[in-house]
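Chemist: Coordinates for the following, if possible.
(chains A and B)
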Amino acid sequence: MASITIRDVTKSYARSQVVHGVDLDIASGDFVVILGPSGCGKSTLLRMIAGLEEISGGTIAIDGTVVNRLEPRERGCAMVFQNYALYPHMSVAQNIGYSLKVAGVPAAERTLRIQAVARILELEPMLDRKPAALSGGQRQRVAMGRAMIREPKVFLFDEPLSNLDAKLRVQMRSEIRKLHRRLNATSVFVTHDQVEAMTLADRLVVMNGGRVEQVGTPGEIYKRPASRFVATFVGAPAMNILEGVVELDGLSLLGGSRRLTIPRVGLPVGAKVAMGIRPEAVRLVAPGSQGVLNATVDLVEELGAGRVIYVDLDGAAFSVVTSETVHPAPGETVGLKISPEDMHFFSSETGARLDVFKASVPVPAH
Amino acid sequence: MVERTPILNFITHLVLFIGFVLAVAPFVIVAIAASHNLKDVNDVPMSLLPGGDFWVNIKTAWTTANLGPKLLNSFIMAAGVAAGKVMISALTAFSIVYFRYPGRTFIFWLIFVTLMLPLEVRIVPTYAVVANVLSPYQTILDVTGLSWLIERVSGVQVALNLGLLNSYSGLILPLIATATGTFLYRQFFLTIPDELTEAARMDGAGALRFFIDILLPLSRTNMAALGTIMFLWAWNQYLWPLLVTTDQSHATAVTELKQLIPNVGGIPEWNIAMAGTLIVMLPPLIVVVAMQRWFVRGLIATEK
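Modeler: Have a look, this model is predicted:
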């Protein structure tokens, strides 16, 4: 178990900088998930922790020791790769035990430890098989075993589940979670899959464009996204964003003559803001009533448990998730009711969250 | 794509069959000639029905040309070239693919250039070097005036001499130094996923460890293919062994076949010459048959 301290870490290649000054503290035993779109620098950051990528600037310390100049093997990290990276010519047992062999652990002890790991991962019956004779999930478990056997201070996962089919992914997700509870080793998990991120993380780090956008528990990130990027990236379907200008008595939406009642929130009049609302927080009501936005239904997606309704709001695409037994048909006009407490405000210029006072009494609508 | 084209099928098979006949006919004629006695083999036209003297001719060829030790020499040379080539190719390709160092591209092109300079082109300088491996250094010392200086100071005359004529190293080493194998390995190493390299680094394996534990086992089929090709190539070498082995003790089977070829005015024992040819052709054939499975897999280079 170890803590990881990342201070102002940057990474540049010959022409471009891909990580811009990341600061991050990972507590001992934490399961941290780094989430971001592809190309956001999350894998690069992970590989810098592992020692596979040189650190261009700043420091990374594991357990207080700066590891910038240390070889991967000296850092006490183990890594699970996206394509498993099993040695194709070695049996499962040899794959798992290879790091011990390199470290010069005697064969007898090695066998014992391989068996112990195989028992945890339920790989015992296939220790003599070659990776080619294993299924995707089994290969994944061998890759985990290879990481576990070294009893590392830190586990690093580089999108390890992205090659599995949906069902197996869910299964491996819970297995990784269980394993973490059992070993309680500090883990850093990189993914672009937000469901994976939300379900696995003790703490979630959302990255974009080589910068950390927000760090927090999955709940915090969902409920109080720190920026417009986080708001739209986390949650599916994505949060709806409506651009508008703050007026004395509400929000005048761009691209139309609509106005929206917003809480008296202390936003300066005339400020351009983006108002965010989760599709789950919108309620469908009869059109035309007071304080309701009228919109035209474009498309209805049946999900079984509920449905996603895509509507057109003066040219802006807007989605609503509802489990109610309403069946609006495409072309029909519906009313959208948005409660003020579900609204998020972001600066139109910087995308940063605008923290507003919670209004207890909504302003009466026009 | 699966198509039903019986006429085309027939034509392709016919073409293949004609090619097969063209390729095999010379061998058949050699084998038939080797089975005739002296009179029958010189009949014009030679009878294409096998005669009964096959084993007698084989035995005569074996003893006349003293093929036993010659085959051993050939085998040592061919195996040495094959093994040396596999080793040096793997190592050079490993260096070129996995390490970043100044001059890497330059070295790569230097190796590449050797492809344009086969042994036959550089045979005179190569012979000079093999005759005295240290002669380039001697030249450097002479030209810079160092040997004069050394002689003046210590009174010792510098005359470096290390000859490799009539030795196995002289036969083998110059044949190893070409680039073909390096390219085969380079292409193979480039197909090995980076993640495998990184996994080995995470597991704590250093460069040499990675090379021995991961790369070499993975390139077994490549080794087999390259080894087989090089064995055949070295076995069939004629010019170089002829130059380097002035002494019978190191002569190879291929060069010694000439002993069996009838001289002008001598007894036209073509049956014996053909029998000797068959003997000399046999070891490469055995190697190809034995290595065939590996060999083909190495050349098509499929990942499991």
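Chemist: Show me what from the stretch 151-300 of chain B comes close to chain A.
Modeler: By C-beta under 8 Å from any C-beta of the partner chain, the residues of the stretch 151-300 of chain B that approach chain A are B:193, B:195-196, B:198-205, B:209, B:213-214, B:217-218, B:220. Every C-beta, even on glycine, is put in place using the N, C-alpha and C of the backbone.
Chemist: so where do the helices sit in chain A?
Modeler: A:42-50, A:92-102, A:107-121, A:136-148, A:166-183, A:194-200, A:218-223, A:228-233 (DSSP state H).
Chemist: Could you point out which of those helices sits nearest chain B?
Modeler: helix A:92-102 (3.9 Å; C-beta to the nearest C-beta).
Chemist: A:Leu313: neighbour count?
Modeler: For A:Leu313, the neighbour count with other C-beta atoms under 10 Å in any protein chain shown is 18.
Chemist: mind listing what B:Asn166 touches?
Modeler: By C-beta atoms under 8 Å, 6 or more residues apart in numbering or on different chains, B:Asn166 lies in contact with B:Val244, B:Thr245, B:Thr246, B:Asp247, B:Ser249, B:His250.
Chemist: Kindly recompute the last result at 7 Å.
Modeler: B:Thr245, B:Thr246, B:Asp247, B:Ser249, B:His250 (C-beta atoms under 7 Å, 6 or more residues apart in numbering or on different chains).
Chemist: Show me how to select, in ChimeraX, the buried members of those residues.
Modeler: The following ChimeraX line selects those of the contacts of B:Asn166 that are buried, judged by 16 or more other C-beta atoms under 10 Å in any protein chain shown:
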select /B:245,250
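Chemist: farthest-separated two in the contacts of B:Asn166?
Modeler: The span of these, defined through C-beta to C-beta, is set by B:Thr246 and B:Ser249 at 10.0 Å.
Chemist: So what's the residue count around the residue in the stretch 251-366 of chain A positioned nearest to chain B?
Modeler: Across the stretch 251-366 of chain A, no residue is closer to chain B than A:Gly351, which sits at 34.8 Å (C-beta to the nearest C-beta). Around A:Gly351 there are 17 other residues, counting by other C-beta under 10 Å.
Chemist: per-residue confidence for A:Phe111?
Modeler: Phe isn't right for residue A:111; it's Thr. Looking at A:Thr111, its pLDDT stands at 92.
Chemist: burial of it, as a residue count?
Modeler: The criterion is other C-beta under 10 Å. On that basis, A:Thr111 has 15 neighbouring residues.
Chemist: Any stretches of chain A with poor pLDDT?
Modeler: A:1, A:249, A:254-258, A:261-265, A:324, A:356-366 (pLDDT under 70).
Chemist: which bits of it sit near chain B?
Modeler: Residues of chain A lying near chain B by C-beta under 7 Å from any C-beta of the partner chain: A:50, A:52, A:72-73, A:78-79, A:81, A:83, A:85, A:87-89, A:98-99, A:102-103, A:132.
Chemist: Got a ChimeraX select line for the buried ones in the residues you listed?
Modeler: A single ChimeraX command selects the buried members of those (16+ other C-beta under 10 Å):
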select /A:50,52,72,73,78,79,81,83,85,87,88,89,98,99,102
